[in-house]
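Enquirer: Need a 3D model of the following:
(one chain, ligands or ions: 1)
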Amino acid sequence: MADLLKKPVKLALIQLASGADKSHNLSHARSKVLAAASQGANLIVLPECFNSPYGCDYFPQYAETLLPSPPTASQSPSFHALASMARESKAYLIGGSIPELDPATKKYHNTSLAFSPQGTLLATHRKIHLFDIDIPGRITFRESEILSPGNKITILDLPEYGRIAIAICYDIRFPELAMVAARKGCFALIYPGAFNTTTGPLHWRLQGQARAMDNQVYVALCSPARDLRASYHAYGHSLVCDPMAKVLAEAGESEETVFAELRGEEIESARGGIPIDTQRRFEVYPDVSQGPCKFEE
Ligand SMILES: NC(=O)CCC(=O)C(=O)O
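Expert: The predicted model follows:
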């Protein structure tokens, strides 16, 4: 079996408390990223919409322009803040997500930026599946009223370690995306996210464990801290699952950083013991990629 993870990597998930003041959010994120790095983290993750409150009313107000890349500091203060946090901390940094305005299409996106320890942009992921749900009496949310979806799966190589995938929050509910990333050799699937207090208790941990169990990879979910004064109450509970779907570390609801060491042997041992990755019978399963399957008697 090829080594998916060449050497252990210390992962840190920063469950950040963000508010309305973008420059404060950026400097606060910096202090937490540097603190995580000082505790040995090599791969650091921030939450969805880490530079702003989360909500449709906020996306246009906080949106930054990332294209053409690299943007100027006035086009995207968050891009430059993240690049220098990565450089200063000498760690890989998955910069949660930020609201983005594409100047060519005039469309808004929910976008994650990943940087190398040298501060170079490695990848950009635009949330593919927009968070549109309606649970009567509990929560109605329609990201698609403001945002447009991205159209690509985001996989990036960390040369000393291996390959990871980045997707954002609601993207985790689509197991096909996780399966493609795992079958392309990712050792970890990283999801900056912001579940809420209705769906979080039901599904957040379950989704993380399910994606880890199905694919026998590490899965990390990084939430904002819960703020009951905000219009959207994030669930919190940032967590890391191992390739056997065990939860290695989990935050509470307040601001907190959780750490976990990821090791290639754990992936090998999960796949050696339960070899579903080589036992799949693709010739038996109908192709669901083009829409619903017709069931023949
Ligand atoms: N920000 C999001 O995509 C929230 C997703 C969510 O809460 C869910 O239940 O799914």
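
Enquirer: alpha carbons only for contacts and neighbour counts from here, please
Expert: Fine.

Enquirer: Phi, psi for D157 please.
Expert: phi -100, psi 130 (degrees, to the nearest 10).

Enquirer: Provide the secondary structure category for I155.
Expert: Classification of I155 into helix, strand or coil gives strand, according to DSSP: H, G, I helix; E, B strand; the rest coil.

Enquirer: which phi and psi does the residue of the stretch 101-250 of the chain at minimum distance from the ligand have?
Expert: Nearest residue of the stretch 101-250 of the chain to the ligand (Cα to the nearest ligand atom) works out as F195 at 3.3 Å. Backbone torsions for F195, taken as degrees, to the nearest 10, come to phi -60, psi 170.

Enquirer: same check, this time on L221
Expert: With angles defined as degrees, to the nearest 10, L221 shows backbone torsions of phi -120, psi 120.

Enquirer: check contacts around it.
Expert: Neighbour list for L221: L13, C169, I190, Y191, P192, G193, G208, S238, L239, V240 [criterion: Cα atoms under 8 Å, 6 or more residues apart in numbering].

Enquirer: And the second one, what's its pLDDT?
Expert: Right, C169. According to the model's per-residue confidence, C169 sits at a pLDDT of 98.

Enquirer: show me the contacts for it.
Expert: E48, Y191, P192, G193, A194, F195, L221.

Enquirer: neighbours of N51, just the number please.
Expert: N51 is surrounded by 30 other residues when neighbours are defined as other Cα atoms under 10 Å.

Enquirer: Touching, it and S18? I think so.
Expert: Yes: the criterion here is Cα atoms under 8 Å, and N51 meets it with S18 at 6.6 Å.

Enquirer: overlap in contacts of the two?
Expert: For the pair N51 and S18, residues contacting each of them under the criterion Cα under 8 Å, 6+ apart are N25.

Enquirer: so where's the chain shaky on pLDDT?
Expert: The chain contains residues with pLDDT under 70 at 1-2, 295-297.

Enquirer: Show me what from it comes close to the ligand.
Expert: Taking Cα under 6 Å from any ligand atom, the part of the chain that reaches the ligand is made up of F131, C169, Y170, G193, A194, F195, N196, T199.

Enquirer: at 5 Å instead, please
Expert: Contact residues, the chain versus the ligand (Cα under 5 Å from any ligand atom): F131, C169, Y170, A194, F195, N196, T199.

Enquirer: burial count for the last one?
Expert: Using other Cα under 10 Å as the criterion, T199 is surrounded by 13 other residues.

Enquirer: Might one say that V219 is in contact with I190?
Expert: Yes: under the criterion of Cα under 8 Å, V219 is in contact with I190, at a separation of 6.0 Å.

Enquirer: between the two, who's got more neighbours?
Expert: V219 (28 against 25).

Enquirer: Pairing partners for whichever helix or strand the more buried one is part of, with directions?
Expert: Under the assignment given by DSSP states H and E, the secondary-structure element containing V219 is strand 218-222. Sheet partners assigned to strand 218-222 using DSSP bridges are listed as strand 186-192 (parallel), strand 239-241 (antiparallel).

Enquirer: for the protein, longest helix please?
Expert: If each helix of the chain is counted by residues according to DSSP state H, the longest one is helix 22-38.

Enquirer: Okay then, goodbye and thanks.
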